[in-house]
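>>> Have a look; sequence and predicted model below, questions after that.
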Amino acid sequence: MSVNKVILVGSCGQDPKIAKTSSGKEIANFSLATSEKWTDKATGEKKEKTEWHKIVVYSESLTNVIKNYVKKGSKLYIEGQLQTRKWIDKDGVEKYTTEIVLQGFNSKIDLLSSKKEDQSDDGFNQIDKHLAKKEDNFNDDLNDEVPF
């Protein structure tokens, strides 16, 4: 058995781009930033590291959500899969790109901020609420299985 599942909570780096395949199916592309903050113990200096993730959405229903509600700065909870694809650049050089792909029933996007919060809130309160809700649902599911 193997598992390929990625869960990210972060901010949309730019307005999503919607492209159409030759058959007319819409695909959404955007970047998602995840950040880690800490204080350097030696100097007391505040530090931050940001990772950028390429997100590609093939699911029609999720693409509609992205098209209508996601913009630069939106706080998102994403579940998808890692996928690496090979391509040839304009100079004929073979390149590889690793992306988080959302397709099928194993994919999910939750909007963690409203339009107002996108502009003013760092989103962590929304993230905490979302994760607490997931934990409550998990505990409820466990309680359903307990025979006593």
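Structure received.
>>> Next, the contact list for the residue nearest to the spatial centre of the chain, please.
When the chain is reduced to its mean C-alpha position, the nearest residue by CA atoms, centre = their mean turns out to be I78, at 3.4 Å. Under the criterion of CB atoms under 8 Å, 6 or more residues apart in numbering, the contact partners of I78 comprise 6-10, 32, 55, 100, 102, 108-109. All C-beta atoms are positioned from the backbone trio N, CA, C, and that covers glycine.
>>> Please narrow these to those residing in strands.
Among those, DSSP state E puts 6-10, 32, 55, 100, 102, 108-109 in strands.
>>> so which of those residues is the most crowded?
Across the ones in strands among the contacts of I78, the neighbour count under other CB atoms under 10 Å reaches its highest value at I55, namely 25 neighbours.
>>> the helices in the chain, which residues?
Secondary structure of the chain (DSSP state H): helices located at 60-69, 115-120, 124-145.
>>> quick check: mean pLDDT across the longest one?
The reference is to helix 124-145. The average pLDDT within helix 124-145 is 48.
>>> The first one now?
Per-residue confidence for helix 60-69 averages out to 93 on the pLDDT scale.
>>> and it, what other elements does it pack with?
With contacts defined as 3 or more CB pairs under 8 Å, 6 or more residues apart in numbering; DSSP states H and E, helix 60-69 has these neighbours: strand 17-20, strand 26-39, strand 108-111.
>>> closest one to V65 among these?
strand 108-111 (6.0 Å; CB to CB).
>>> which stretches of the chain have low pLDDT?
With pLDDT under 70 as the threshold, the chain has low-confidence stretches at 114-148.
>>> Can you tell me which of the contacts of I78 is nearest K67?
Here the nearest of the contacts of I78 to K67, counting by CB to CB, is I109; it sits at 11.7 Å.
>>> got the contact list for that closest one?
Taking CB under 8 Å, 6+ apart as the contact definition, I109 lies against 57, 62, 65-66, 70, 76-79, 102.
>>> Selecting buried members of the residues you listed in PyMOL, what would you type?
Per 16 or more other CB atoms under 10 Å, the buried members of the contacts of I109 correspond to this PyMOL selection:
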select buried, resi 57+62+66+70+76+77+78+102
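>>> Next, format the contacts of I109 as JSON lines and append distance to E48.
Formatted as JSON lines, the entries for those read as follows, by distance: CB to CB, whole Å:
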{"residue": "V57", "distance to E48": "27"}
{"residue": "L62", "distance to E48": "29"}
{"residue": "V65", "distance to E48": "29"}
{"residue": "I66", "distance to E48": "26"}
{"residue": "V70", "distance to E48": "23"}
{"residue": "L76", "distance to E48": "19"}
{"residue": "Y77", "distance to E48": "21"}
{"residue": "I78", "distance to E48": "21"}
{"residue": "E79", "distance to E48": "25"}
{"residue": "L102", "distance to E48": "27"}
